[in-house]
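*Asks:* Build the 3D model from these lines:
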Amino acid sequence: MLGNFQKAIIGSIQIHHQGFFQRPELSRTIADPDKVIANLEQAGIVNYSRRLETFGLAASDTTTQGVMLIGMDPQRESLVTELEKRIGIGRFLQSEDDYSLVVGATTASNLQVKLGDEIIIIGYDRYGAMVAESFTLVGVITSGEMGLDSGMAITNLSTLQEMVDLPEQITTIVISAEEKRIPSLVDELNQSLHEASLEIMPWYTMFPVMKEWVTLHNGFLYLFIGVVLFIVLAGEMNTMLLSMLERTREFGVLMAIGTTRYQVASMLLVEAILIGVIGIALGIILGYSIILVTSIIGIDLSILLGSTSRFYVDPLIYPHLQLDNLGITVGTILLASVLAGIYPAWRASLLQPVEAIRNG
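*Replies:* Alright, predicted model coming up:
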């Protein structure tokens, strides 16, 4: 969900003029976009794209619909989003396109247009004067995602700049970055661009509801892992306790010949750790094998989930292994193994040699 949401159109981080996100007006363009881009490249950020965003009215021969009109740089857009892959009918914009348009499937249906049809876009230029231009429909987005299929019209950045009389001006810079790097990157950009009257907004600031969805999902995930670990703990503790009871006579003999209680307890703890290590090794081999296969063929959940694209969830899931999550899981399992061995080891250390030999 998180990956698809960012790759759809929003990106990881967006840079606007201060206040533009709340009130997107053409008067709030980025004052010196070249300087901002130079700062990005100096910070090692190469996955960025420029946009010009405004509102307009799309009109066909039969009806009209309000749209968010976005001018994009086709060459750089693929560095931050996968919008091109969501074109189901026709094609995405190309650099040489002049007054071409891409809309969502719902918008195309509402306007009753098809590829090659003319769509009139009515809007306002930088001075507030009404402008209208004719565009040719070259692509339709059929992703099923709410934010893309309805209320959006996309054209070339240069075309929209010419239409609204804002040559070389932009309202938005979109950046793509690794999730774990986003907070530090936002702090770094705030420091380097603090004098430019800009707002540097990560995706979770712009769309806090999506962050709540991810937080809720993680909460259920941790709850599920907790239940699994409890089952692991109970199962291993039961195995260790039965093993200790079955070897009561053996422990009695060991204590009778001089083995200390500490050594007996240590023996059971080491045994519990070995069980955990062997289980982890076999689990990693089996789990990695399953991930290796399903990462190629995918896991189709459409039968269980139905259509989930509107929630930015692809029903065909391709698993991948994250080493940081694997490390946390391995550490937790080892801890559970130690905890599972503590009680049986403590019980064994309390045995009296004579009674253990007699009752074993």
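*Asks:* F55 belongs to a helix, doesn't it?
*Replies:* No: per DSSP: H, G, I helix; E, B strand; the rest coil, F55 lies outside any helix segment and is strand.
*Asks:* Mind listing residues that contact stretch 266-273?
*Replies:* By C-beta atoms under 8 Å, 6 or more residues apart in numbering, the residues outside stretch 266-273 that reach it are 236, 240, 243-244, 334, 337-338, 340-342, 344-345, 348. All C-beta atoms are positioned from the backbone trio N, CA, C, and that covers glycine.
*Asks:* Take those residues and keep only those in helices.
*Replies:* Counted as lying in helices by DSSP state H, out of the contacts of stretch 266-273, are 236, 240, 243-244, 334, 337-338, 340-342, 344-345, 348.
*Asks:* Show the buried residues in the contacts of stretch 266-273.
*Replies:* Among the contacts of stretch 266-273, those scoring as buried are E236, M240, M244, L334, S337, A340, G341, P344, A345, A348 (criterion: 16 or more other C-beta atoms under 10 Å).
*Asks:* Looking at those residues, spot the one nearest A59.
*Replies:* Checking these against A59 with C-beta to C-beta, the nearest one is L334 at 65.2 Å.
*Asks:* nearest spatial neighbour of the closest one, skipping sequence neighbours?
*Replies:* Distances taken as C-beta to C-beta, 6 or more residues apart in numbering put G276 closest to L334, at 5.4 Å, once the chain neighbours are dropped.
*Asks:* I10 now?
*Replies:* Of all residues not flanking I10 in the chain, W203 sits nearest, at 5.6 Å (C-beta to C-beta, 6+ apart).
*Asks:* Surely the one you found and Q6 touch.
*Replies:* Yes: contact criterion C-beta atoms under 8 Å: W203 and Q6 qualify, at 5.7 Å.
*Asks:* Between those two, which has more neighbouring residues?
*Replies:* Q6 (24 against 19; other C-beta atoms under 10 Å).
*Asks:* where are the low-confidence patches of this structure?
*Replies:* 144, 146-147, 196, 304-314, 360 (pLDDT under 70).
*Asks:* So which residues of it form helices?
*Replies:* Assigned by DSSP H, the helices in the chain fall at 2-5, 33-42, 74-77, 105-111, 146-149, 157-163, 182-192, 203-206, 208-246, 248-256, 261-297, 302-305, 323-349, 353-359.
*Asks:* For P24, which of those helices is the nearest?
*Replies:* Closest to P24 of the helices of the chain is helix 203-206 (C-beta to C-beta; 12.0 Å).
*Asks:* Return that closest one as CSV; C-alpha atoms alone will do.
*Replies:* Only the C-alpha atoms of helix 203-206 are listed here, as CSV (Å, rounded to 0.1, in the frame of the first residue of the first chain):
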residue,chain,number,x,y,z
TRP,A,203,4.0,12.0,2.1
TYR,A,204,2.8,11.3,5.7
THR,A,205,2.4,15.1,6.4
MET,A,206,0.4,15.6,3.2
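*Asks:* so how far is that helix from its chain's centroid?
*Replies:* Centroid separation for helix 203-206 versus its chain: 13 Å, with C-alpha atoms, centre = their mean, to the nearest Å.
*Asks:* S197: what's it in contact with?
*Replies:* Neighbouring residues of S197 by C-beta under 8 Å, 6+ apart: H17, Q18, A31.
*Asks:* Check T142 too.
*Replies:* Neighbour list for T142: R86, I87, G88, I89, A105, D149 [criterion: C-beta under 8 Å, 6+ apart].
*Asks:* How about the contacts made by the closest residue to L185 other than its chain neighbours?
*Replies:* Leaving aside its chain neighbours, L185 sits nearest to A177 (5.5 Å; criterion: C-beta to C-beta, 6+ apart). Going by C-beta under 8 Å, 6+ apart, A177 touches S12, I13, I45, N47, L185.
*Asks:* Backbone dihedrals for A177, both of them.
*Replies:* Backbone torsions of A177, given as degrees, to the nearest 10, read phi -150, psi 160.
*Asks:* Mind listing the residues bridging to L69?
*Replies:* Note on L69: beta-bridge partners by DSSP bridges are T54, A153.
*Asks:* before we move on, back to that, got the contacts of T142 as CSV, with distance to P319 and neighbour count columns?
*Replies:* CSV is the format used below for the contacts of T142 (distance: C-beta to C-beta, whole Å; neighbours: other C-beta atoms under 10 Å):
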residue, distance to P319, neighbour count
R86, 22, 25
I87, 26, 17
G88, 25, 13
I89, 30, 15
A105, 29, 18
D149, 27, 23
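*Asks:* Could you dump those into a markdown table and include distance to L326?
*Replies:* Output for the contacts of T142, formatted as a markdown table (distance: C-beta to C-beta, whole Å):
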| residue | distance to L326 |
| --- | --- |
| R86 | 32 |
| I87 | 36 |
| G88 | 36 |
| I89 | 41 |
| A105 | 39 |
| D149 | 37 |
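*Asks:* picking that back up, what's the overlap in contacts for W203 and Q6?
*Replies:* Common contacts of W203 and Q6 (C-beta under 8 Å, 6+ apart): S12.
*Asks:* Which one of the contacts of S197 is nearest to L101?
*Replies:* Nearest to L101 among these: H17, at 25.6 Å, using C-beta to C-beta.
*Asks:* Quickly list what the closest one is bridged to.
*Replies:* Counting by DSSP bridges, H17 is bridged to L198.
*Asks:* residue contacts, it?
*Replies:* R28, T29, I30, A31, T171, S197, L198, E199.
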